[in-house]
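>>> next input, structure requested:
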Amino acid sequence: MKQTARTIQCRPRLFYLQRPENFHRVPDATPIEEELLPGYKAENYYPITTDTTLQSRYHIICKLGRGVGTSQYRAVKVCTRTTEGAVPAQASQEIAVAEFLKTSPVQEHPGRRSVRIALDSFTLNGPHGTHTCLVYAPQGMTLTELRDYLPNNRLPKQMLQSTVQLLLIALDYLHKNSVVHTDISPNNLLVGATDEDDTAFSQLEKDEQTCPVARKVLSDRTIYMSRPVPRTKGKLILSDMGSARFGHETFKGDIMPDVYRAPEVILGMEWSSKVDLWSVGVMIWDLLEGKRLFHAKKDGVLDDEQHLAEMVSLMGNPPPEFVRRSPICARFFDEEGNWKGSIPIPSQSFEDRITQVQGEDKELLLVFVRSLLCWLPEERPTAEEMAYDDFLMQAYFASQSKHEG
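Predicted coordinates for the structure are as follows:
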C-alpha cells in the first residue's frame, strides 16, 4: 500500500507573507481532501498551515495535492505519521534510491535528468507522531491529468511516441544502475518544469495571496483544498521511486499496481527490470486509447485468473519453459501451457484493441507492443533497444527520408 502524503508548494528561503483572511471556510461537517480517503485518521496527518516555515528553510505557500529544476521553489511531501521514529516504507525507499543514485556507476546518461529523486528530507514532530518530509524540484501535472485536458482524453500519436521514448531513456538510466522502478503508470509520469516555468509557480504564489483556497478550520488543524498544478512546458519526468528496488539483477515478491502486473509477478516467479518494460506496453492503451488494456476483475474485484485469461487471449498460451518456472502455474495451465482455468478466454486480439491508429502506424505499433508484452521476460528487449524502435523513430525516419529526397 502506498504511503499517503500531502504535497505543498514552498520557497527554499524565508520571506514574510501576510496571512490572507478572505478565504471560503468549508463547513466542519463537510469532508474534503484527505478526509475523503479510505481509512482517514486526522491524527496521522501533520497539522500544517500556510505562512509557516519548515526546517528554517521552506516557507509554505499553498497545498498542491494529496496522495501522491533550478527553480527558487520546492515541493515538499509531508507523509502521514509514524510512531517510535520509524520512517514510512515508501519515504524510506525514496531516500535510499536517491542516495544510491548519487554514487551509482552510470552518471553521464541522458535519462538522468528525466528521473525525479528527492533532493532533501527531514522530519517534523507532530502532536501524534513523527512525519517524514521529502523535498523535490517542482514539476507540472501528471500524464493522467494532462490526458484529461486533451480531446477525447487521449494523447495524439506523436505526443505518445515522444513521451514513451523519453520514458524508455529514463528507464535505461535506472536499469543500467540496477534500479527497477516497478510502478510505471501515467500517475507517475510528470510534465517537467523549465526555468521559464518559474513564472507559473510565482503566479501560483500570488494567487494564494490574493485569492486563498477554501479550507476547513477546526480546533486542532486546518484542512486545505488543493490548488491545481500549474501547466508547465518541460519534458517528461519519471517520478515516485518509493516502490523501486535496487542493487540486484533479480528480485522476488509482489509488486506493481493492479492491472499493470507482469505475468511473472502474478505467478510468483523471480522478476527483473523487464517488469518495467511490461508496464510500458500496458500503459500504451491508457494514453493512446483512453482505456485499460486489462480489466483483470471478477465481480468488481481484482482476480489473477481473470487477468491471466485476458493475457492468453492477447498473447496465446505461454511456452512450457515459462510454465515450469513456478508451481502456481499448475492452477491455470497444463504442462504444455494450455489454459485449464475456470474462466473462459475472452475473444479479443491486439489488432482489435488498437483503434486510434491505422495502416502503417498500426502495424508499427503492433510490433512495438508485442515486443514488450510477451510471456518470457528475457524475450523483452531492453529499455535502450526499445527507445530506438521503429514506431518511436517514425518521425525521425520520415524527416531523414524527406531530407534525402
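>>> quick one, strands of the stretch 51-200 of the chain?
53-54, 58-66, 74-79, 120-126, 129-136, 179-180, 189-191 (DSSP state E, counting those that start in this stretch).
>>> CSV for those, including mean neighbour count and mean pLDDT?
All C-beta spots, glycine's among them, are computed from the backbone N, C-alpha and C. Listed next are the strands of the stretch 51-200 of the chain as CSV, based on neighbours: other CB atoms under 10 Å; pLDDT from 0 to 100:
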stretch, mean neighbour count, mean pLDDT
strand 53-54, 16, 82
strand 58-66, 21, 72
strand 74-79, 24, 89
strand 120-126, 16, 90
strand 129-136, 21, 91
strand 179-180, 23, 98
strand 189-191, 25, 96
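>>> output the below-cut-off pLDDT ranges for the stretch 1-150 of the chain.
The model of the stretch 1-150 of the chain has pLDDT under 70 over residues 1-21, 64-71, 83-85.
>>> quick one, helices of it?
In the stretch 1-150 of the chain, the segments counted as helices under DSSP state H, counting those that start in this stretch are 89-102, 143-149.
>>> any chance of JSON lines for the strands of the stretch 51-200 of the chain, columns distance to Thr144?
Output for the strands of the stretch 51-200 of the chain, formatted as JSON lines (distance: least, CB to CB, whole Å):
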{"stretch": "strand 53-54", "distance to Thr144": "28"}
{"stretch": "strand 58-66", "distance to Thr144": "12"}
{"stretch": "strand 74-79", "distance to Thr144": "17"}
{"stretch": "strand 120-126", "distance to Thr144": "26"}
{"stretch": "strand 129-136", "distance to Thr144": "18"}
{"stretch": "strand 179-180", "distance to Thr144": "22"}
{"stretch": "strand 189-191", "distance to Thr144": "8"}
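>>> out of those, flag the one nearest Glu108.
Smallest distance to Glu108 across the strands of the stretch 51-200 of the chain (CB to CB): 16.3 Å, for strand 179-180.
>>> tell me who's in contact with Glu378.
By CB atoms under 8 Å, 6 or more residues apart in numbering, the contact set of Glu378 is Lys274.
>>> now Cys329
With CB under 8 Å, 6+ apart, Cys329 has these contacts: Leu267, Pro318, Phe322, Val323.
>>> of these, which belong to helices?
Phe322, Val323 (DSSP state H).
>>> one step back: the strands of the stretch 51-200 of the chain: which one's closest to Pro156?
Of all those, strand 189-191 comes closest under CB to CB, at 15.1 Å.
>>> contacts for that closest one, please.
Contacts of strand 189-191 (CB under 8 Å, 6+ apart): 116, 139-143, 146, 163, 167, 231-234, 236-239.
>>> show the buried residues in those.
Buried subset of the contacts of strand 189-191 (neighbour count, 16 or more other CB atoms under 10 Å): 116, 139-143, 146, 163, 167, 232, 234, 236-239.
>>> now the two most distant members of the residues you listed.
Leu167 and Thr232 (17.1 Å).
>>> give me the number of residues near Arg154?
17 (other CB atoms under 10 Å).
>>> that one contacts Leu146, correct?
No. Arg154 is beyond contact range of Leu146, at 10.9 Å (criterion: CB atoms under 8 Å).
>>> for the longest helix seen in the chain, the averaged confidence score.
Secondary structure of the chain read by DSSP H shows that its longest helix is helix 157-176. Regarding helix 157-176, the rounded mean pLDDT is 97.
>>> list the buried ones in it?
Buried, per 16+ other CB under 10 Å, within helix 157-176: 157, 159-161, 163-176.
>>> if we can go back for a sec, of the buried ones among the contacts of strand 189-191, closest to Ala262?
Once CB to CB is applied, the member of the buried ones among the contacts of strand 189-191 that ends up nearest Ala262 is Leu167, at 16.5 Å.
>>> contact partners of stretch 300-307?
258-259, 261, 266, 294-298, 331-332, 341-343.
>>> residues touching the residue nearest the centre of the chain, list them.
Geometric centre of the chain, nearest residue: Asn188, 1.7 Å, by CA atoms, centre = their mean. Taking CB under 8 Å, 6+ apart, we find Asn188 in contact with Val68, Thr142, His181, Leu238, Ser239, Asp240.
>>> I'd like the residues you listed as a markdown table, with distance to Tyr46 appended.
Formatted as a markdown table, the contacts of Asn188 follow (distance: CB to CB, whole Å):
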| residue | distance to Tyr46 |
| --- | --- |
| Val68 | 17 |
| Thr142 | 24 |
| His181 | 28 |
| Leu238 | 27 |
| Ser239 | 22 |
| Asp240 | 20 |
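>>> from the contact counts, what lies against the longest helix of the chain?
strand 236-238, helix 274-284, helix 383-387, helix 394-404 (3 or more CB pairs under 8 Å, 6 or more residues apart in numbering; DSSP states H and E).
>>> out of those, flag the one nearest Pro27.
strand 236-238 (37.7 Å).
>>> tell me which other helices or strands that closest one touches.
By 3+ CB pairs under 8 Å, 6+ apart, strand 236-238 packs against helix 157-176, strand 189-191.
>>> redo these as CSV? Include distance to His109.
Listed next are the helices and strands packed on strand 236-238 as CSV, based on distance: least, CB to CB, whole Å:
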stretch, distance to His109
helix 157-176, 4
strand 189-191, 18
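>>> which of these sits closest to Val87?
helix 157-176 (22.0 Å).
>>> what's next to the closest one, contact-wise?
Residues contacting helix 157-176 (CB under 8 Å, 6+ apart): 105-106, 109-112, 114-115, 143, 155, 180-181, 184, 189, 235-238, 244, 273, 276-277, 280, 284, 287-288, 356-357, 361, 382-384, 386-387, 391-392, 394-395.
>>> identify the residues contacting Val180.
Leu174, Ala244, Arg245, Phe246, Phe251, Ser272, Ser273, Val275, Asp276.
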